[in-house]
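Visitor: Requesting a structural model of the entry that follows:
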Amino acid sequence: MSNDAATATTPTAEAAPAPEPIPHGLGASLPPADARAKTEGTFPYAADLWAEGLLWAAVLRSPHAHARIVSIDTTHAREMPGVRAVVTQEDVPGSPLHGRGKADRPLFASEVVRHHGEPIAAVAADHPDTARMAAAAVIVEYEVLDPVTDPEQAFEAEPLHPDGNLIRHIPLRHGDADAAGEVVVEGLYRIGRQDPAPIGAEAGLAVPRPDGGVELYVASTDPHTDRDSAAASYGLEPERVKVVVTGVPGATADREDQSFQLPLGLLALKTGCPVKLTATREESFLGHTHRHPTLLRYRHHADSDGKLVKVEAQILLDAGAYADTSSDALAAAVAFACGPYVVPNAFIEGWAVRTNNPPSGHVRGEGAMQVCAAYEAQMDKLAKKLGIDPAELRLRNVMATGDVLPTGQTVTCPAPVAELLQAVRDFPLPALPKDTPEDEWLLPGGPEGAGEPGAVRRGVGYGLGMVHMLGAEGADEVSTATVRVQDGVATVLCAAVESGQGFTTLARQIVQETLGIDEVHVAPVDTDQPPAGAGCRGRHTWVSGGAVERAAKMVRTQLLQPLAHKFGMSTELLQITDGKITSYDGVLSTTVTEAMDGKELWATAQCRPHPTEPLNEAGQGDAFVGLAFCAIRAVVDVDIELGSVRVVELALAQDVGRVLNPAQLTARIEGGVTQGVGIALTENLRSARGVIRHPDLTGYALPTALDAPDIRIVKLVEERDVVAPFGAKAVSAVPVVTSPAAIASAVRAATGRPVNRLPIRPQAAVVTAQ
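Guide: Residues are numbered from 1 along each chain as shown. You can find the predicted model right below:
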């Protein structure tokens, strides 16, 4: 057969389709660089770390909420085979106290136990079982004391701490105290204790250094603060303690509470060996901080048209035994106690007090979430009393840019609250349940529940929420970043921790957009890098992203300056697109790689937003850098005989400033909304006389995929905040703040019951026959 014949009879293969282009730059849905490793289970977390000569740590924790320690006997523990060290408060060489917001808690309780699960001693041994048995062998004689578990009793109780029981009091005074409205509604509200419940429990590895220092490998979200605290506890200079951030397995609050970190380093220094701790889920519940349980009393005054005249409120935050970040949470609660509404007269009293309950601290939307549930309940009460549609009443009162907060601060950022509310109000409602339950109608309680279709009522409710971005009240919000470029590859060095908020992806997008380089890497985070601050309240999008952008622009100038000089034009007349440098007139056209010519370019920059100020003695001051807003309409089905609730749909409109990564933004919003569902319906870490009941994921009911409702993102308002880098706003906290209030509003609409407690208990949604 001739070659021609063979060619003629061989079928021709179709050309392979061209690969889809990889998303590039800001505004694109660039996937996370670690997505594949996390999906395949190969991404390294702290629990996966190992070192030669590794020892295992265990911590003995108090079984009591309040007790005097009579004696601690470690003899039996020290004599157990395989035990290398046992440490108590007597072995702490440096500062005896530590804490995030305030250094007021001991590393180990030595005289008084102030909460259930407080560390008493720590053990290092050659096997994890040996370490746990040795910790259990430490004999502690307690004199059990009556715990203070009611925060209202804390004002009159004996001091639980040398600093007293009152952590902070904020009296806010705004307007005319004698102002009164024609219509007055009052309410008493209680918010439960939510646990952050991270997917991965706390874990860490401490490795001693040749210079007498120590390295801590932990999933910290604020490594420099943790380093400084550790150095103070160990009696070392900060440069002799290094915190290396490992993979963060979920963080909707502060990760790696210092009660886990600090014993690790102490044991490593004492033994001269690497020491590892992997907490059980029970230890995780006992050790880290939770959302502040809150008691709120409200009185709203309005005129006959529904316009707000005055808001009076008392807000009491249960901080647990130690201060932590309770001062920050209280400031947010008091400042946002009236919500995103125009209130000419506001008089708010806020307190954060110590109790013997489990410790409270930073959890996403702290302070703002609790008051949102209360003020939105008040708006529902006003609407009912005045006979006005709840959405219409809210529209008559919403704030806008240029309005004044009760703190006296003018809202200078975009505040499209009316636009957000109108968008969710006008969005089509979901179809009503079909006539027969066989037709895919999911009853409250699930397909196997005991509910009857005839007992189900549908309700529609609304929630408007707001949060502040970055720190507040004079916090120095600064971040530093370095961008290096060599051989067509860019590397970003910034101590901003990737905790799921998408910073590493954003940093890559910024450099791609600025320098036209596709291959961008973000270096691992440790404290050898300059500080970038904590990963919360949208900080890293704003200040760390801003620092990366400035550094990238400085590198861009270094790259373009020689070309601009050569061709006699300014760098502003040159642009970088898809890896190519071109001039406005087409005279210059070259690639970034050619322009680099083998050189290494780098620059370091900082970003620091405008300063804020503490609230004064009347609760007044420009305390916040920026604000973000959200509106949610909730649709629920309630079985009024059983009190079971199913969230059918949550329609959301949000003020985002600018969408930097659509896929990440959607994921963050959906995650925040789902966390809010848990707050509204299931999550409450219960305790009896200060002792946590069922500290596990069986007793603590997290929402699952079956509990997640249809989430409809109706509108994203992209009105850029001119003082923020890229104009973007934080997106994940405000849905957490708003969704519980909206769900409670919908349950009120379905049942006619007041619903004044979160999570909503079944008995609160039961309607008895009249």
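
Visitor: low-confidence ranges in this protein?
Guide: Per-residue confidence for the chain (pLDDT under 70) gives these ranges: 1-23, 252-256, 434-441, 446-450, 769-770.

Visitor: ok, longest helix in it?
Guide: helix 545-566 (DSSP state H).

Visitor: Which residues does the helix or strand following it contact?
Guide: As assigned by DSSP states H and E, the chain's next helix or strand after helix 545-566 is strand 574-577. Here strand 574-577 makes contact (C-beta atoms under 8 Å, 6 or more residues apart in numbering) with 514-516, 556, 560, 563-564, 581-584, 588, 592. From N, CA and C alone the C-beta is placed, and that goes for glycine too.

Visitor: What is the burial count for Ala631?
Guide: 33 (other C-beta atoms under 10 Å).

Visitor: Wait, a helix at it?
Guide: No. Read with DSSP: H, G, I helix; E, B strand; the rest coil, Ala631 is strand and lies in no helix.

Visitor: what residues are up against it?
Guide: Residues near Ala631 by C-beta under 8 Å, 6+ apart: Val417, Leu420, Leu421, Ala423, Val424, Tyr462, Gly463, Leu464, Leu652, Ala653, Gln654, Thr738.

Visitor: So which of those residues are in strands?
Guide: Among the contacts of Ala631, the members found in strands (DSSP state E) are Tyr462, Gly463, Leu464, Leu652, Ala653, Gln654.

Visitor: Which of the contacts of Ala631 sits closest to Gly545?
Guide: Gln654 (18.8 Å; C-beta to C-beta).

Visitor: Tell me the one of the contacts of strand 574-577 nearest Asp222?
Guide: Asp222 lies nearest to Thr514 out of those, by C-beta to C-beta, at 27.3 Å.

Visitor: Please, which helix or strand holds the closest one?
Guide: The secondary structure element spanning Thr514 is helix 503-515 (assigned by DSSP H and E).

Visitor: tell me the angle of that helix relative to helix 545-566?
Guide: Interaxial angle, helix 503-515 versus helix 545-566 (axes from the mean of the first three to the mean of the last three C-alpha atoms, to 10 degrees): 20 degrees.

Visitor: what does helix 503-515 contact?
Guide: Under C-beta under 8 Å, 6+ apart, the answer for helix 503-515 is 24-26, 28, 30-34, 481, 483, 485, 490, 492, 494, 496-498, 517-518, 520-522, 535, 540-541, 544-545, 548-549, 552-553, 555-556, 559, 576, 592, 660-661, 664.

Visitor: And the next helix or strand past it?
Guide: Following helix 503-515 in sequence order, the next helix or strand is strand 520-522 (DSSP H and E).

Visitor: Which strands border that next one, and is each parallel or antiparallel?
Guide: strand 489-494 (parallel) (DSSP bridges).

Visitor: who's in contact with the partner strand?
Guide: For strand 489-494, the external contacting residues (C-beta under 8 Å, 6+ apart) are 479-485, 507-508, 511, 515, 517, 519-523, 525, 529, 532, 544, 547-548, 552.

Visitor: Mark which of those are buried, thanks.
Guide: The neighbour count (16 or more other C-beta atoms under 10 Å) marks 479-485, 507-508, 511, 515, 517, 520-522, 525, 529, 532, 544, 547-548, 552 as buried among those.

Visitor: Strands along the stretch 51-200 of the chain, start to end?
Guide: Counting by DSSP state E, counting those that start in this stretch, one finds strands in the stretch 51-200 of the chain at the ranges 55-61, 67-73, 83-87, 97-98, 105-106, 112-113, 119-125, 139-144, 166-174, 183-191.

Visitor: Return the alpha-carbon coordinates of the second one using PDB.
Guide: What follows is strand 67-73 as a C-alpha-only set of coordinates in PDB (Å, rounded to 0.1, in the frame of the first residue of the first chain):
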ATOM      1  CA  ALA A  67     -12.400  26.900  93.200                       C
ATOM      2  CA  ARG A  68      -9.500  27.800  95.500                       C
ATOM      3  CA  ILE A  69      -6.400  25.600  94.800                       C
ATOM      4  CA  VAL A  70      -5.200  24.300  98.200                       C
ATOM      5  CA  SER A  71      -2.300  22.300  96.800                       C
ATOM      6  CA  ILE A  72      -0.800  20.800  93.600                       C
ATOM      7  CA  ASP A  73       1.200  17.600  93.800                       C
END
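
Visitor: Thanks a lot, see you next time.
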